[in-house]
Structures are given as C-alpha cells and as structure tokens.
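Chemist: test case, fold it:
(chains A and B)
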Amino acid sequence: MLKYVARRLVQLVPVLLGVSILVFFGMHLIPGDVAELLLGDKGTAADLARLRHQLGLDQPVYVQYLRFLAGALRGDFGVSLRTRQPAIWEIGQALPVTIQLSLAALVFAVLFGLAIGVFAARHPRSVLDTGAMVGVLIGVSMPVFWTGILLLLVFGGVLGWLPLGGMIDEGMRWRRVTGMPVVDGLLTGNWTVARSSLAHLVLPAVALGATSMATIARMSRSTMLEVLNLDYVRTARAKGVGERLVVSHHALRNALLPVVTLIGLQLGLLLSGAVLTETIFAIPGLGRLAITSVLARDYPVVQGVVLIAAAIFVLANLLVDVLYAYLDPRIRYT
Amino acid sequence: MTVPALALAPRAPRRSAALSWRRLVRSPNLLVGFAVLVLVVGCAGFARELAPYSPIDQVFTDQLKPPSAAHLFGTDEFGRDIFSRCLYGARIALVVGVIADGIAMLLGVVLGTVAGYFGGRADAAVMRVVDVMLAFPYLLLAMIVVAILGPSLTNAMIAIGIVYTPQFARVVRGAVLAIREQEFVEAAGAVGARAPRILARHVLPNVLSPIIVMATLTVGFTIVETAGLSFLGLGASPPTPEWGSMLATGRSYMLTAPWIATFPGLSILVTVVGFNLVGDGLRDLLDPRLRGRGF
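Modeler: Numbering: from 1, shown residues only, chains lettered A, B, ... in the order given. This is a model prediction of the structure:
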C-alpha cells in the first residue's frame, strides 16, 4: 500500500511540473510584465530597467522559470501587486476559508445525495422516485451562481433566516488556529464565533454542493438499483434479513464504490464552483482571491493560487483512489 | 484496394435505423429534451420577431418595473425589457455553447485519435498534456486562458473550448484504442491503406457515437461555464444581452428587483435541462450498456 501511494506521488511530479510550466509561460504571454505593473505610470525608463534587473526579468526566460520553480518549492510566489503582501501570505489567509466551504459543501452533497439516491432506488418508478429524479435533473442543470442568488434572496432576503453573505458577523474577531472560523470557534470554545460562522456557511455550502449532491444522488440511485437486484442481496432477503439491514449492510457498501470515484471528480467542480460561490456570498476565500487577482492582473498571486489549487486537486484525487482501493478488496495496489 | 476491409467493416442495417427511431419515439427523456430545445432554438431564431422591445435600448421612464402585461419579465435598471433580453440571450448562449463545444470536440478528436491510433510516444505526449490540463479546476484554467487572451465573449468561448478538450480527448482515445484492434482496421492496413484514410474511412465513423453523446451532454455545461465567466466579468460586456452578465447585474438588485436575476437564471436552467435530457436520451439510444444511468 505504501509503495502504491509512493509511486502515485512520484507520478504526480511531472503533472505538477507541467502545471507550473503552463502557468508560468501562460502568464508570460500576457502583454506587460510585473515591473511595469509595479511601477505604473510613475517610473522612468531607468527605474523600469533597474526594477527588471532586481526582479530578474532581464534574464533568459528559462532562467526565470527555474527561479520561479525554486521559489514555488519554498512557497515563495513573489509579492502581490495589489496589496504588496507576499503572495503566499494572501493565499494562506484565503485557503482555509475555501477548504472549510468545500468540505461543508461536500458533506452536504454526500449526505443528501446518498439519502436521495438510496431512497429513490428503494422505491423505483414510484411518484417519489420520479419526483426525486426531476429534482436531480434540475440540480445538475442549475448554475451555481443562480442557485446562490436564489438562496440569498429566499433565506437571506425574504425569510431573513440566514445572513446575507460574508464569512462571519461584521466586526467579530477570533483567534486564528486553523484559519477556518467554524473550527477555530469550536477549538477555542468561542461559541459566538462558531455559531456566527456556521450560520454564514449554510447557504454557500448548499449552493456549492447542490450540483454535486444531484450528481451523487443520480449515481447512487443507479448503482443501488443494480446492487439490489444481485443474487447475494436476494439470498440475504431469502434468509429473512430485514429490508433496512439489507440496504444498509449488504447493498450500500458495494453501491458506494462508484460514488467514491464520483466524489473525487466532484472536488474539481467544488474548487471551480468556489470561485463563483465566494464571489456571490462575499467570502474571502481562494476563489475570490483568484478572480480578484485575475481582474487586477496580480500575476504572482494568480500563479500561486493556480499551482496550489492544482496540487490540492491532484492530491485529493490520489486520496480518493487510495480510498477506493481500500474499500474494494478486489482492487490491488498495482 | 480496400474491398476486403470494406467487406469486413460493420454496416448499419436498415432494420436497426427503424429500431432506433422506435426507441427514439419511446424515450420520454429524448422527446421532452427535444421539445425544450426546439422551444429554445425557436426563441433564439425568432428573437427579432418575438421580442416586443429592443434588447439594448434604454428607457429611463421604465426603470425596474416588475413583471406585467407590458413587460412579461419586468425591466432592468436601465428600463430594458428583460423578456426581450432573454430571447436575444438564447441566441448568444446557443451560439457560444455550440462553438465552445465544437472547439473542444475538434481539438479532442484530433488529440484523442492521434494518441489512440498511433500509440507509443504520441500517445504518451498527448496523455501527459491531457493529465496536466485535467489537474486544473475547470474554471481556474478558463480564467487563465481569458487572462492571457483578454476578457471578451469570444475569448471566454475559446477558453471553455480548451477546458473541455481533455475530456473529449480521453473518450476518443479510449474508443479509438478499441477500434484499432478490430479486424477490419487491420485488414485496411494490410491491403495498403494509409493512416489518414484508415482513420477517416474506418476508425472515426465507428467512434462517432460516444463523440455525439459527449458533445450533446457537454453543450449544457459549456453554456453554464461561459455564463459563469461572464458573471465574473471575464466574458460578455454590457450592454450585450448575455444571461451570465444579466445575472451579475441582477445580483445588485436582488432584494429590490429580484426578477432581473430570476429570468436569465431560469433561461439557463431550461436550456441546460433540454441538453441534459437529449444527451441522456442519446446515450441510452447509442450505448445500451449505459441505459438507466441517467434520469
């Protein structure tokens, strides 16, 4: 198992190297360099040449790439052109917020997706099954940014049950431990912070997880339907095992396998969706940082965000592959 | 020269066409999906005739009017009729979605065919590029492409096309790998047919089914993703009646004039539902092994 994980980790190196090449040279294709953006209209030609020399922009492009790569390995992506803070600091502030949001969305998607899928599979071709599948179709087809707006309108605006965006009540401060306000609130025993941030998390997590929930429901329904018709399930029923136990103990475990793969695929969707969700709900996460930096042409931050997001994405997929192999003894670590 | 190869190649009998038509008519997903798409295409095609007002003319006396007989979907902050803008938006969404999908399909088919048919180093090189592209979360890759090309609807369309290319490449490669080993392909090679001819006459026609299914299923997503880029300010610019940018504007008036964001979102939903239903229906029809995986 360890050998398998190690080999998969080694296989990730060329992929991440490819990502770094694509990001670095992609940013170089954009007209105007970092020195011009840093100086703006204020500097003279001499100032520009000096700054270019300082930043190493007068070096051949492959030297610049190697310097970028060496910096990236140390976590140094340069200084944000927008805030003049180190890019890694900006990313470090935003990343835990996005992880918290994505995990909450994933938990919502898995719990509700599985529940709906299993329920629909247990009542195939019934009105409830049809209703659930129509809901799933709508869930898969709804753009995350519209779902977010509707949730804000109904639960934030009309009903007033939940806050209208943000990560925590304005002016509220908390002691950072992980950078995730809900977790930090719980860890430090600051219930006010935990409650406030949890209330702010509900709508964005639902908006972000809705599409994944629908996809998981759809997949778990079809795999459950297949598994429930297999001989060993029929045998279990024939032996007098209760229907609830047949579903939860015999069928669900096998039906879960394809769903686990699907969950891995959903991670990319969640990271993409986080850009839109964080924009709608004004959450200072990685997605919002990415779009703000792209619009402000803050390339050091863009490079950092993209590299880190890609690394998280491929590592999460590796984790899912390992989990899949662990859950299904037929799969060997080859 | 390729007579033996042609003799071995699978031919679609006329009976199977009749069978497919019967299945098509019996598939409620496909029928509903087609009906929805006919409606959307009709709205897009006849937008000029159907729209009661200009989609871009500003009427300041009609600002933020709620839905009424005069303005079915209400008006926006510039007094523009939202119903008219949604109709013209259908035209933009369909063109953008289909072209982005076409870009992805074209690039994906070329890459997937090269990788699957030639194998070896070509396969390794193409698949490494595909792996790298798949390592990016979709929207981040699209944002980088738009950052390089500059924000505009055309560039957003190109970006989304590039983002979806690896998925097509993977599907096509897998299908080509399977077809490459078939006897009729070997026979074509044995009688001297060159690679381009084998690919064009024998391989590609036999991998069309998964390509068609994938293309139909992804159109809906390309429409959503392009609208997402416009929503973020990286696609269409005002006053273009594009659904994503209309939603972005509507967000600011969410509490005072919710209809501005409601109807463009509903338009996206209906269109994507149509494509998803047709895609699922076609998948059931063309690949019976996957029947029942959809809705």
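
Chemist: from the centroid of the chain, which residue is nearest?
Modeler: If you meant another chain, say so; for now it's chain A. residue A:271 (3.1 Å; CA atoms, centre = their mean).

Chemist: not what I meant, chain B
Modeler: Per CA atoms, centre = their mean, the C-alpha nearest to the average position across chain B is that of residue B:219, at 1.6 Å.

Chemist: I figured that residue hits residue B:276, correct?
Modeler: No - assessed by CB atoms under 8 Å, residue B:219 is found out of contact with residue B:276, at 9.3 Å. Quick note: C-beta positions are derived from backbone N, CA and C, even for glycine.

Chemist: go through the chain and flag its longest helix.
Modeler: As the question left the chain open, I've gone with chain A. helix A:191-228 (DSSP state H).

Chemist: that's the wrong chain, I wanted chain B
Modeler: Longest helix in chain B, counting by DSSP H: helix B:82-118.

Chemist: what packs against it?
Modeler: Counting contacts by 3 or more CB pairs under 8 Å, 6 or more residues apart in numbering or on different chains; DSSP states H and E, helix B:82-118 packs against helix B:28-45, helix B:47-50, helix B:120-134, helix B:153-180, helix B:208-231, helix B:243-252, helix B:259-286.

Chemist: what packs against the least confident helix or strand in chain A by mean pLDDT?
Modeler: Taking mean pLDDT, DSSP states H and E as the measure, the helix or strand of chain A with the lowest value is helix A:34-39, at a mean of 77. Counting contacts by 3+ CB pairs under 8 Å, 6+ apart, helix A:34-39 packs against helix A:45-55, helix A:299-327.

Chemist: how about residue B:86: what's its closest non-neighbour residue?
Modeler: residue B:267 (4.9 Å; CB to CB, 6 or more residues apart in numbering or on different chains).

Chemist: please identify the helix or strand for the residue of the stretch 51-200 of chain A found nearest chain B.
Modeler: The stretch 51-200 of chain A approaches chain B most closely through residue A:146 (3.4 Å), counting by CB to the nearest CB. If you go by DSSP states H and E, residue A:146 is part of helix A:144-151.

Chemist: mind checking the pLDDT average for stretch A:10-21?
Modeler: Stretch A:10-21 shows a mean pLDDT of 89.

Chemist: ok so, going back, buried set for the longest helix of chain B?
Modeler: Neighbour-count burial for helix B:82-118, counted by 16 or more other CB atoms under 10 Å in any protein chain shown, picks out B:82-94, B:96-101, B:103-105, B:107-109, B:111-117.

Chemist: with stretch A:233-248 instead?
Modeler: Under the neighbour-count criterion of 16+ other CB under 10 Å, stretch A:233-248 has A:233, A:236, A:246, A:247 buried.

Chemist: what parts of the stretch 151-295 of chain B come near chain A?
Modeler: B:220, B:224, B:227-228, B:231-234, B:244, B:247, B:250-251, B:254-255, B:258, B:261-262, B:265, B:268-269, B:272-273, B:276-277, B:292-295 (CB under 8 Å from any CB of the partner chain).

Chemist: next to chain A, which bits of the stretch 1-150 of chain B? Give me the list.
Modeler: So the stretch 1-150 of chain B meets chain A at B:128-129, B:131-133, B:135-140, B:143-148 (CB under 8 Å from any CB).

Chemist: show me which of those residues are buried.
Modeler: By 16+ other CB under 10 Å, the residues of the stretch 1-150 of chain B next to chain A give B:129, B:131-133, B:135-140, B:143-148 as buried.

Chemist: quick check, nearest of the residues you listed to residue A:108?
Modeler: residue B:137 (18.9 Å; CB to CB).

Chemist: name the nearest residue to residue B:225, sequence neighbours excluded.
Modeler: residue B:160 (4.8 Å).

Chemist: quick one: contacts for the one you found?
Modeler: Residue B:160 makes contacts with B:100, B:104, B:142, B:222, B:225, B:226, B:229, as judged by CB atoms under 8 Å, 6 or more residues apart in numbering or on different chains.

Chemist: and the furthest pair within the residues you listed?
Modeler: B:104 and B:229 (14.8 Å).

Chemist: okay, now residue B:262: neighbour count?
Modeler: Residue B:262 has 21 neighbours, counted by other CB atoms under 10 Å in any protein chain shown.

Chemist: wait, what's in contact with it?
Modeler: Per CB under 8 Å, 6+ apart, neighbours of residue B:262: A:150, B:250.

Chemist: remind me which residues of the chain are low pLDDT?
Modeler: In the absence of a named chain, this looks at chain A. A:329-334 (pLDDT under 70).

Chemist: you answered for a different chain; I wanted chain B.
Modeler: For chain B (pLDDT under 70), the answer is B:1-21, B:23-24, B:287-295.

Chemist: where exactly do the strands run in the stretch 51-200 of chain A?
Modeler: Assigned by DSSP state E, counting those that start in this stretch, the stretch 51-200 of chain A shows no strands.

Chemist: which ones are touching the closest residue in space to residue A:312 that isn't next to it in sequence?
Modeler: The spatially closest residue to residue A:312, leaving aside those adjacent along the chain, is residue A:271, at 7.3 Å (CB to CB, 6+ apart). The contact partners of residue A:271, by CB under 8 Å, 6+ apart, come to A:98, A:102, A:286, A:287, A:309, A:312, A:313, B:137, B:140.

Chemist: what helix or strand is residue A:271 on?
Modeler: Going by DSSP H and E, residue A:271 is in helix A:252-280.

Chemist: after that helix, heading C-terminal, what element do we hit next?
Modeler: helix A:286-295.

Chemist: what helices or strands is that next one leaning on?
Modeler: Checking 3+ CB pairs under 8 Å, 6+ apart, helix A:286-295 ends up next to helix A:87-122, helix A:252-280, helix A:299-327, helix B:138-149.

Chemist: can I get the ones you listed in JSON lines with distance to residue A:33?
Modeler: Converted to JSON lines, the helices and strands packed on helix A:286-295 look like this (distance: least, CB to CB, whole Å):
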{"stretch": "helix A:87-122", "distance to residue A:33": "16"}
{"stretch": "helix A:252-280", "distance to residue A:33": "25"}
{"stretch": "helix A:299-327", "distance to residue A:33": "9"}
{"stretch": "helix B:138-149", "distance to residue A:33": "14"}
